[in-house]
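> how would this look folded up:
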Amino acid sequence: MRAIRRFTVRTALPEALAPLGELATNLRWSWHAPTQDLFASLDPEKWRALRHDPVALLGSLSPERLAELAADRSVVAAVRAAEQDLRAYLTGDRWYQQEVASSGGPAAIAYFSPEFGITSVLPQYSGGLGILAGDHLKAASDLGVPIVGVGLLYKAGYFKQAFTRDGWQTETYPVSDPDGLPLTQLREQDGTPAVISLPLPHGRTLLAHVWKADVGRVPLLLLDSDVTGNDEAAANVTDRLYGGGGDHRLQQELLLGAGGVRALRLWSRLSGAPEPAVYHTNEGHAGFLGVERIRELTAEGLTFDEAVEAVRAATVFTTHTPVPAGIDRFGRDAVSEHLGGSGFLGDVPLDRVLALGAEDYAGGDPSVFNMAVMGFRLAQRANGVSALHGEVSRGMFAGLWPGFEAAETPITSITNGVHAPTWVDRKVVELLAASGGGEDASNQSGGAASLDGAALWALRGELRAQLVADARRRVRSSWLRRGASPAELAWVDGALDPEVLTIGFARRVPTYKRLTLMLRDPDRLRALLTHPERPVQLVIAGKSHPADDSGKRLLQRMVQFADEAGVRHRIVVLPNYDIRMAQTMYPGVDVWLNNPLRPLEACGTSGMKAALNGGLNLSILDGWWDEWFDGENGWAIPTADGVEDPDRRDDLEAAALYDLIETQVAPRFYDRDADGLPGRWLEMVKHTLGTLAPKVQATRMVQDYVNTLYVPAATSGSALAAGDFAGARDLAAWKGRVRATWGGVRVDHVESGGVSDSPEVGDEVRVAAYVSLGQLSPSDVEVQVVHGRVDVDDELVETSTAALALEESYEEGRHLFSGTVVLRRSGAFGYTVRVLPRHGAQASPAETALVTSA
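Residues are numbered from 1 along each chain as shown. Below is the predicted model:
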């Protein structure tokens, strides 16, 4: 008999155990081993059966068991100690309070993302973007950075994956009850659920409740449209993560961005929390947050242009994809209907908002509204997520700043990091602590060099065996779901070997990540897997988007290969890759494999997590690996850059991968000394733990965001908002005047001197430029000499710039600017002169996208 309604009844805890409620709902437990141990001690069997879910565990304990625990003095003491530890963590001064807050750091920073991967018991993530967002919040909490997260609460989250008998991916969507999750609902003073609303076309309204997850010190606000009062379509806006298209996806992003700002206002009203000084949008999905803030400011009396400047100054935009298909683009008409036709914008001019997302550059599509383009236009500061990705992004979006070289595009980079306390196995933490590395998993590199080789190798074997046991359990369960009988599965007990070199590969399965590159030559792969002296085994996992049949076919090919009787003891494909699986997989593999099509991997953080556990990387030089591979922390797979035939390129790179495994990776792993230890391998592991580990930390990443982006954005935002937004009004007026009169700016004549016919390194070239500025004054511009090496086409490369000083002014807006350039290198040298707008409130000279060159 099927229930007509389902809800969760929460446990009433005895007073002596009452702190367990907060300990269960504050997600710090997910990265704090002592708190996990406390919950495990209450009922070890149920803790394992309920997949380490404290809320579910407390709900499963009978009143009799709770009374028994409340009468146990040791249990009560442990609960009180855990409560005191959490309280100290939540209230004590940390890095931000000690180093940043006292010098003007922002009191609150809003961080928007469509997904957050905090823990497997809160299934609100699909892949790398969500895991990164979760690690960002956790590291911010550990550092004391006053971030508040904003996202959506999906009724079914992302899908659960299984395989059919022939290896095809299937999806199911288990429904989550918010009352059974580690969440609390925002309520008004009278106890009723707080509600935010957005107007929709045709007189409809989208209502949403707001739930809060406590991620340590960081509140995470999640908007939920499954609300009485919504029609069916509106109620389903937050049904699934990335589950719909068209209007459904557009409404999700309106709720995330515009609704998220309204949720922040609600949170500040109910809690007294300060309004955010900085707004950070993690990818373009939340871009409508800028439109909502413009609407707020115009309602307060600012013009559209003034509101844009105020919003831009305090906004940070992070782009996460170098793949155009990964950018959300909506039909211009659909956006027009949802923003204008619904009445959402009020008095804000629709055409100006549509222009924010317009692809009005060479190669753009005028019929679409591009969320990434709007993200860049509404953020004064923007970044990619690795050095290489920053370079790729500057080229990819250079059309937004015509007249500037791609290298001058105002997109910086901050390389992603990972939250070590979440991803490093506690046995690794304990070993490094015993070796002098301290207790903090985020800062243990000092113990790496003195690690005992035998102890390290023993631990690596233990972690590998742990992975093998988990993989066998998952393989058996998967085969039973695929229709096999228990009698057919005796072979599973011999699947994988705790003594064999283990390579891991787990990620989403879009085409560019090339899951099946290793299958380019199946016979050669079989030979590697079954080598008589140096066998290799593969543990593979990953999900394809439900609508991506090409990705599903790649996954099916891999499953079918792994099903072969001759290799299934050496290769497994595990279904339903999630945080829980990853926390066993990263520590258990010896090598992490990553072979994307360069340069389409923005960063990729999985290999970082393996490295923190003592794994070595085997990767294409893409994303973070291009930046931090040093020849001793793993291997770089050679790339066939410039080969245009994609099949030929895959063949070449697959052959290079096979060669590396066969001639370098496997021999080094199996090369043992008289004590049975792979000495050279262990030296690479120690080197990785000592030198790579500090770089890949999420704490380093968040500190970079604070120092490079958040504090400057807060400073700019505050300056423009002061005095009833006098700075924003001034900047908007200045930009309007510059744009209106820029056509009168030109470089009339350039002279140079000061060097002989045979100049030498160290000589100084004097440059004089006669410039007409029309109605602008010299204080409105910067005149620069751009100099550098000249290639065979007389194009300047490897350029530098130097400002020229005003020397003399003439009639009719003509001026002389001059300066010197020191010749610092030999070879072909050239220069030109250009004029750019200049204002103290700009974050970049390219901000107006105006430039005039000689």
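
> roughly how far apart are residue 35 and residue 41?
11 Å (Cβ to Cβ, to the nearest Å). Where C-beta positions appear, they are placed from N, C-alpha and C, glycine not excepted.

> Which one's more surrounded, the two?
Using other Cβ atoms under 10 Å, the more surrounded residue of residue 35 and residue 41 is residue 35, with 21 against 13.

> Would you map the strands across the stretch 751-854 of the chain?
Assigned by DSSP state E, counting those that start in this stretch, the stretch 751-854 of the chain shows strands spanning 764-772, 781-790, 796-809, 814-822, 829-837, 852-853.

> other SSEs contacting the second one?
With contacts taken as 3 or more Cβ pairs under 8 Å, 6 or more residues apart in numbering; DSSP states H and E, strand 781-790 sits against strand 764-772, strand 796-809, strand 814-822, strand 829-837.

> Go through the strands of the stretch 751-854 of the chain and name the closest to residue 418.
strand 796-809 (34.0 Å; Cβ to Cβ).

> Parallel or antiparallel, list what pairs with that closest one.
According to DSSP bridges, strand 796-809 forms sheet pairs with strand 781-790 (antiparallel), strand 814-822 (antiparallel).

> Using a markdown table, lay out those strands together with mean neighbour count.
Output for those, formatted as a markdown table (neighbours: other Cβ atoms under 10 Å):
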| stretch | mean neighbour count |
| --- | --- |
| strand 781-790 | 21 |
| strand 814-822 | 18 |
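
> Would you tell me which of these gets closest to residue 594?
Minimum separation from residue 594 across the strands paired with strand 796-809 (Cβ to Cβ) falls at strand 781-790, 34.5 Å.

> Report the inter-axis angle for that closest one versus strand 829-837.
Using axes from the mean of the first three to the mean of the last three Cα atoms, to 10 degrees, the direction of strand 781-790 lies 160 degrees away from that of strand 829-837.

> distance between strand 781-790 and the chain's centre?
Chain-centre distance of strand 781-790: 36 Å, with Cα atoms, centre = their mean, to the nearest Å.

> Show me what that strand is in contact with.
745, 767, 769, 771, 773, 796-804, 817, 819, 821, 825, 827-838, 845 (Cβ atoms under 8 Å, 6 or more residues apart in numbering).

> what is the mean pLDDT for that strand?
The pLDDT scores in strand 781-790 average 95.

> same deal with stretch 847-854?
95.

> biggest helix in the chain by residues?
In the chain, taking DSSP state H as the definition, the longest helix is helix 711-741.

> related to what we said a few turns ago, can you lay out the strands of the stretch 751-854 of the chain as JSON lines showing distance to residue 70?
What follows is the strands of the stretch 751-854 of the chain, written out as JSON lines (distance: least, Cβ to Cβ, whole Å):
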{"stretch": "strand 764-772", "distance to residue 70": "82"}
{"stretch": "strand 781-790", "distance to residue 70": "71"}
{"stretch": "strand 796-809", "distance to residue 70": "71"}
{"stretch": "strand 814-822", "distance to residue 70": "78"}
{"stretch": "strand 829-837", "distance to residue 70": "70"}
{"stretch": "strand 852-853", "distance to residue 70": "77"}
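
> out of these, nearest to residue 463?
Nearest of those to residue 463, taken as Cβ to Cβ: strand 796-809 at 46.3 Å.

> In this protein, where is pLDDT below threshold?
Across the chain, the ranges flagged by pLDDT under 70 are 1-10.

> beta partners for the closest residue to residue 751 other than its chain neighbours?
Using Cβ to Cβ, 6 or more residues apart in numbering and skipping residues adjacent in sequence, the residue nearest residue 751 is residue 768, 4.6 Å away. Following DSSP bridges, residue 768 is listed with bridge partners residue 751, residue 818.

> Test my guess that residue 768 contacts residue 816.
Yes. Between residue 768 and residue 816 there is a contact at 6.3 Å, judged by Cβ atoms under 8 Å.

> any shared contact partners between those two?
residue 807.

> returning to that earlier point: just put the strands paired with strand 796-809 in CSV and tack on distance to residue 287.
Below are the strands paired with strand 796-809 laid out as CSV (distance: least, Cβ to Cβ, whole Å):
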stretch, distance to residue 287
strand 781-790, 31
strand 814-822, 39
